[in-house]
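Chemist: got a structure for you, letters missing:
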């Protein structure tokens with residue numbers, strides 16, 4: 001007689017992790033995720049791999065470990081949330097959703113560190129965020145960050161990050177011409193992107209217009225909520241998502257465009273975030289279907305060719321663009337459309353740089369360990385510019401190169417295309 005198997009009762013019913021626990025069962029513990037996981041590669045600890053963390057999640061659900069177990073908090077906190085394991089996984093485990101659900105569940109018994117709470121509160125308040133970014137931008141303009149980036153330790157690295165937020169390219173000044181035939185778009189301006197990477201935002205708008213898209217405004221947009229979702233503050237993430245959906249609906253734009261990989265990943269998953277909200281679920285699905293990374297729209301349009309640029313460039317793939325959004329070819333197509341640009345391959349370009357939102361502020365030592373091999377690989381390329389499409393990556397890699405004494409600088413891919421178009425306009429003048 002065959003005994004029937006009865007699954008253990010859920011020890012944490014009604015929690016986000018309990019609601020997402022079906023994803024745990026998808027893991028067959030094959031281990032393909034191990035070599036894709038930057039924290040496992042850095043630490044060599046099974047508990048700091050996706051498979052190990054899923055074991056811990058299962059133990060929480062089944063009551064083998066309590067929610068306040070300090071070792072669980074340690075290994076879950078160490079996860080970058082890069083989602084490279086999702087690309088490697090043959091079973092389709094929704095690891096990103098499981099991680100967010102686990103952190104949301106743990107937050108019920110252990111609050112995030114004070115530093116994290118302050119940063120998340122700042123991003124959730126549009127007025128305060130603008131004041132903070134304006135002050136940071138004013139500090140950058142003094143050139144002090146360049147000097148202070150030489151300080152040892154985390155403080156010096158923070159100043160190096162700020163110094164790296166400045167574009168290495170001269171400002172473009174041209175009026176793009178396009179027929180608008182490819183549809184309308186509204187740009188998610190973003191918190192850090194609009195504040196510190198203003199040049200990339202304007203380049204995004206100009207290059208899309210030059211490729212026959214029409215820009216419209218969505219003035220009441222807010223922070224996307226990505227940092228909150230990754231930290232387990234799902235309630236705030238949902239509140240911000242509702243505000244953005246309403247704002248972009250009012251814009252009437254056919255496409256919602258983002259040039260920040262982390263923001264784009266969450267925008268495309270608003271349908272998952274609001275799936276249980278009957279009043280917003282359908283609107284969230286419609287919204288998510290309209291979200292595009294800027295590289296996707298430019299690649300769909302060609303993009304059109306500008307003037308030559310004499311740069312040696314390597315491309316680093318932002319985790320949330322390649323692994324979460326599964327967009328890998330489009331940014332390369334954008335770069336390869338620029339005449340004269342020499343693009344050299346970067347070893348392990350799909351590996352995380354260690355930025356991961358505010359991770360580098362909360363886990364600086366491990367973040368630095370994850371970054372180190374990437375800086376070594378960049379040095380071997382001999383590139384003068386590293387192109388990547390996410391603000392955290394631009395600052396993290398830029399700071400790492402500065403601290404290592406490299407002359408290479410980071411730049412958003414659309415800034416290079418924009419510079420090519422600006423040069424073409426000047427040559428016709």
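Modeler: That came in fine, so what should we check first? If you're wondering where the values come from, they're calculated on a predicted model, not measured in any experiment.
Chemist: What segments of the stretch 51-200 of the chain are helices?
Modeler: Using DSSP state H, counting those that start in this stretch, the helices of the stretch 51-200 of the chain run over 70-77, 84-88, 95-106, 114-124, 126-141, 144-148, 153-163, 191-196, 198-210.
Chemist: cool, the stretch 201-350 of the chain as well?
Modeler: Taking DSSP H, counting those that start in this stretch as the criterion, the stretch 201-350 of the chain carries its helices at 226-231, 234-251, 261-267, 270-273, 281-289, 294-301, 319, 329-336.
Chemist: now these as TSV including mean pLDDT, mean neighbour count and distance to residue 354?
Modeler: Just so you know, the C-beta spots here come from the backbone N, C-alpha and C atoms, and that holds for glycine as well. TSV is the format used below for those (pLDDT from 0 to 100; neighbours: other Cβ atoms under 10 Å; distance: least, Cβ to Cβ, whole Å):
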stretch	mean pLDDT	mean neighbour count	distance to residue 354
helix 226-231	94	26	14
helix 234-251	97	19	23
helix 261-267	97	29	14
helix 270-273	97	22	25
helix 281-289	98	17	28
helix 294-301	98	23	23
helix 319	97	28	10
helix 329-336	97	19	20
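Chemist: could you dump the helices of the stretch 51-200 of the chain to TSV with mean neighbour count, distance to residue 387 and mean pLDDT?
Modeler: Below are the helices of the stretch 51-200 of the chain laid out as TSV (neighbours: other Cβ atoms under 10 Å; distance: least, Cβ to Cβ, whole Å; pLDDT from 0 to 100):
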stretch	mean neighbour count	distance to residue 387	mean pLDDT
helix 70-77	16	31	95
helix 84-88	21	20	96
helix 95-106	24	25	96
helix 114-124	16	26	91
helix 126-141	13	21	92
helix 144-148	16	22	94
helix 153-163	19	18	95
helix 191-196	22	16	94
helix 198-210	23	11	98
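Chemist: how about these in a markdown table, adding distance to residue 310?
Modeler: What follows is the helices of the stretch 51-200 of the chain, written out as a markdown table (distance: least, Cβ to Cβ, whole Å):
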| stretch | distance to residue 310 |
| --- | --- |
| helix 70-77 | 45 |
| helix 84-88 | 34 |
| helix 95-106 | 40 |
| helix 114-124 | 39 |
| helix 126-141 | 27 |
| helix 144-148 | 25 |
| helix 153-163 | 24 |
| helix 191-196 | 27 |
| helix 198-210 | 19 |
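Chemist: To residue 336, which of those lies closest?
Modeler: helix 198-210 (14.7 Å; Cβ to Cβ).
Chemist: before we move on, back to that, tell me which of the helices of the stretch 51-200 of the chain sits nearest to residue 295.
Modeler: The nearest among these, by Cβ to Cβ, is helix 198-210 at 9.9 Å.
Chemist: what angle sits between the closest one and helix 126-141?
Modeler: 110 degrees (axes from the mean of the first three to the mean of the last three Cα atoms, to 10 degrees).
Chemist: As CSV, the helices of the stretch 201-350 of the chain with distance to residue 348 would be great.
Modeler: Listed next are the helices of the stretch 201-350 of the chain as CSV, based on distance: least, Cβ to Cβ, whole Å:
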stretch, distance to residue 348
helix 226-231, 23
helix 234-251, 30
helix 261-267, 17
helix 270-273, 29
helix 281-289, 30
helix 294-301, 20
helix 319, 12
helix 329-336, 16
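Chemist: With residue 199 as the reference, name the closest of the ones you listed.
Modeler: Closest among those, using Cβ to Cβ: helix 294-301, at 13.7 Å.
Chemist: Nearest the middle, which residue of the protein would you pick?
Modeler: residue 262 (2.3 Å; Cα atoms, centre = their mean).
Chemist: ok, now which ones touch that residue?
Modeler: 226, 227, 318, 320, 357, 390, 392 (Cβ atoms under 8 Å, 6 or more residues apart in numbering).
Chemist: so how far is residue 189 from residue 247?
Modeler: 11 Å (Cβ to Cβ, to the nearest Å).
Chemist: what do those two both touch?
Modeler: residue 221.
Chemist: Among the helices of the stretch 201-350 of the chain, which comes closest to residue 106?
Modeler: helix 226-231 (10.5 Å).
Chemist: Give me the contact list for that closest one.
Modeler: Contacts of helix 226-231 (Cβ under 8 Å, 6+ apart): 81, 99-100, 103, 107, 112, 116, 119-120, 123-124, 234, 236-237, 240, 262-263, 265-266, 273, 356-358.
Chemist: among the helices of the stretch 51-200 of the chain, which is nearest residue 311?
Modeler: Nearest to residue 311 among the helices of the stretch 51-200 of the chain is helix 198-210; the distance by Cβ to Cβ comes to 15.2 Å.
Chemist: how is the protein carved up into domains?
Modeler: For the chain, automatic domain parsing gives the domain ranges 16-106, 302-428.
Chemist: Those: which one's closest to residue 128?
Modeler: Using Cβ to Cβ, these put domain 302-428 closest to residue 128, at 16.0 Å.
Chemist: Return the distance of that closest one from the chain's centre.
Modeler: 13 Å (Cα atoms, centre = their mean, to the nearest Å).
Chemist: Check stretch 215-233 too.
Modeler: On the basis of Cα atoms, centre = their mean, stretch 215-233 is displaced by 12 Å from the centre of the chain it belongs to.
Chemist: how long is it end to end?
Modeler: With Cα to Cα, to the nearest Å as the measure, stretch 215-233 spans 32 Å from end to end.
Chemist: Then stretch 249-265?
Modeler: One end of stretch 249-265 to the other measures 19 Å (Cα to Cα).
Chemist: now stretch 280-296
Modeler: Stretch 280-296: ends 26 Å apart by Cα to Cα.
Chemist: ditto for stretch 85-100
Modeler: Note: stretch 85-100 ends 15 Å apart using Cα to Cα.
Chemist: Next: stretch 271-287.
Modeler: Terminal residues of stretch 271-287 are spaced 8 Å apart (Cα to Cα).
Chemist: cool, stretch 217-233 as well?
Modeler: 28 Å.
Chemist: for the helices of the stretch 51-200 of the chain, which one sits closest to residue 427?
Modeler: Of all the helices of the stretch 51-200 of the chain, helix 198-210 sits nearest to residue 427, with 15.0 Å by Cβ to Cβ.
Chemist: The closest one - contacts with which helices or strands?
Modeler: Under the contact criterion of 3 or more Cβ pairs under 8 Å, 6 or more residues apart in numbering; DSSP states H and E, helix 198-210 touches strand 184-187, helix 191-196, strand 214-215, helix 294-301, helix 413-428.
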